[in-house]
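1. Just the structure for this:
(one chain, ligands or ions: 1)
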Amino acid sequence: MKIKVINPNTTASMTAKIGAAACAVASPGTEIVACHPEMGPAAIEGHYDEALSVIGVLDEIRKGEVDGMDGYVIACFGDPGLLAARELAKAPVLGIAEAAMHAASFITMGFSIVTTLERTRGIAQALVDRYGMTRFCRQIRTIDLPVLSLEDGTEAETAVLQECHRAMKEDGCGAIVLGCGGMADLAAPLSQQLGIPVIDGVGVAVKFVEALAGLGLGTSKVGELAYPTSKPCLGMLSAFTRST
Ligand code: 5HY
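-> Numbers count the residues shown, from 1 in each chain. All right, here's what the predicted structure looks like:
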């Protein structure tokens, strides 16, 4: 089985971290192909960055379908381009936010989210609402540090730990969802330190894709997630022209 794990931002060190987290949980028969788009923002910190990242995500999905991937993970907590990617793919496509929230809902009656910049809180809340997780999500917390601060050392890691402590003390949560692909390496040490399940959406999404693909369940091409209708795409998007 081959699963393509896409970091929608273009920071190679974060892609490597995400890839390592995916490989750490992948079954022996699963090959992880970690990548990021050739073009796009170095970090995704709001609606503008998310919009810019979607074309790169879709290009990776397009190439993955040619390469015969058995599934995909979109490894950014905003799940950018998730439904568009599902239209393009026959294989299952999971976003780390949706995967992590569902996993949390299987093991606790209440989870808190710890994510990066305060300005992305609304994006996370919109996903909680869209995924039907309002009754499970106790609180969305932010460290209010840039996404790339997770790449250069302990300030961000300390801030995540402190916010997790506050969540446990104040939110009545039974689990914590890490709200950034760049936090993927923190889940295991934080779970150990805090004595509470801390969920990394990268690992969860990989296992969910393995399960779906193993059951022969790909993205349904009947209805809303059918392949995009045929039409020319002009200019720099010409590679996305669909004729079938
Ligand atoms: C992520 N941004 O997971 C999100 C985190 C966020 O570049 N990778 C990013 O705060 O939305």
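
2. hey, where'd the strands end up in the chain?
-> Counting by DSSP state E, the chain has strands at residues 2-6, 31-35, 71-74, 93-95, 111-115, 137-142, 175-179, 198-199.

3. Which positions in the second one come out as buried?
-> It refers to strand 31-35. 32, 33, 34, 35 (16 or more other Cβ atoms under 10 Å). No exception for glycine: its C-beta is placed from N, CA and C like everyone else's.

4. mean confidence score for stretch 145-153?
-> In this model, stretch 145-153 has a mean pLDDT of 93.

5. May I see the strands of the chain arranged in TSV, with distance to residue 103 as well?
-> Compiled in TSV, these are given as follows (distance: least, Cβ to Cβ, whole Å):
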stretch	distance to residue 103
strand 2-6	16
strand 31-35	18
strand 71-74	13
strand 93-95	11
strand 111-115	9
strand 137-142	13
strand 175-179	8
strand 198-199	6
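
6. Specify the stretch among those strands that is closest to residue 121.
-> Closest of these to residue 121 is strand 137-142, at 5.4 Å (criterion: Cβ to Cβ).

7. Next, the angle strand 111-115 makes with that closest one.
-> Interaxial angle, strand 137-142 versus strand 111-115 (axes from the mean of the first three to the mean of the last three Cα atoms, to 10 degrees): 10 degrees.

8. Next, the residues that contact strand 137-142 from outside, please.
-> For strand 137-142, contacts defined as Cβ atoms under 8 Å, 6 or more residues apart in numbering pick out 101, 110-118, 120-121, 124-125, 128, 163, 166-167, 170-173, 179.

9. what pairs with that strand, and is each one parallel or antiparallel?
-> For strand 137-142, the paired strands and their directions (DSSP bridges) are strand 111-115 (parallel).

10. Of the buried residues of strand 31-35, which ones also sit close to the ligand?
-> With the criterion set as Cβ under 6 Å from any ligand atom, no member of the buried residues of strand 31-35 is near the ligand.

11. is residue 178 in a bridge, and if so with what?
-> Using DSSP bridges, the bridge partners assigned to residue 178 are residue 114.

12. who's in contact with it?
-> So residue 178 contacts 100, 113-115, 160, 184, 186-187, 190, 198-201 (Cβ under 8 Å, 6+ apart).

13. can you rerun that using 10 Å?
-> Residue 178 makes contact with 77, 96, 100, 113-115, 160, 164, 184-187, 190, 198-202, according to Cβ atoms under 10 Å, 6 or more residues apart in numbering.
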